[in-house]
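1. Need coordinates for the following:
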Amino acid sequence: KLSNGCFVMVPSWLIARRKKHFIVLGNENEAGFDGVRVEVLLGCNGGIWIQTAMMELEDNGETGLVMEEVQKIRNGHGNKVLVMEERIVLARVRNSIDALKMVYCRITPENIVMVMKAAADLGCEVMDMLRPEVIVQITECTRGQQKQ
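-> Residues are numbered from 1 along each chain as shown. Predicted coordinates:
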């Protein structure tokens, strides 16, 4: 069950094949993320799901988490009310993906982060990210990379 997130559809050929299609963006000091970690699920069919990151569940053997506890954590995440900062970061990621889609650029974690950083460097508001003149500016770094 997907909840507390946003769905974006892009042409399937824009999704780059990767070993992992489930990625986590937003390290402590990354520009544009404001300390919010975001999980992105890149579907090979062009569907992209964006949500705030859940707590780490990687310590399977040592913490002894059973499936019921994992399900409780997932349900808690689904019922959690997002604060405004989290919603803004989700909207920025969504608009970054839409900007990449509009210039026909590959949707990769690296490209999403570069567009987010470019928008943060410009001091661009979330609602302005999809203006044509802003899209040209914030996607410049990814378009130059594709020619190489």
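2. How about residues contacting stretch 11-24?
-> 37-46, 48, 53, 100-101, 104-109 (CB atoms under 8 Å, 6 or more residues apart in numbering). C-beta coordinates here come from the backbone N, C-alpha and C atoms, glycine included.
3. Any chance of a PyMOL selection covering the buried ones in those?
-> Buried subset of the contacts of stretch 11-24, written as a PyMOL selection, criterion 16 or more other CB atoms under 10 Å:
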select buried, resi 37+38+39+40+42+46+48+100+101+105+107+108
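4. So which of the contacts of stretch 11-24 sit within helices?
-> 100-101, 109 (DSSP state H).
5. Which single one of those is nearest to residue 3?
-> residue 109 (22.4 Å; CB to CB).
6. wait, isn't that closest one in contact with residue 27?
-> No: using CB atoms under 8 Å as the test, residue 109 is too far from residue 27 to be in contact (11.7 Å).
7. Quick check: residue 88 vs residue 33, distance?
-> Going from residue 88 to residue 33 by CB to CB, to the nearest Å gives 10 Å.
8. Residue 112 too?
-> Counting by CB to CB, the gap from residue 112 to residue 33 is 11 Å.
9. who touches both of the two?
-> What both residue 112 and residue 33 touch, as defined by CB under 8 Å, 6+ apart, is the set residue 25.
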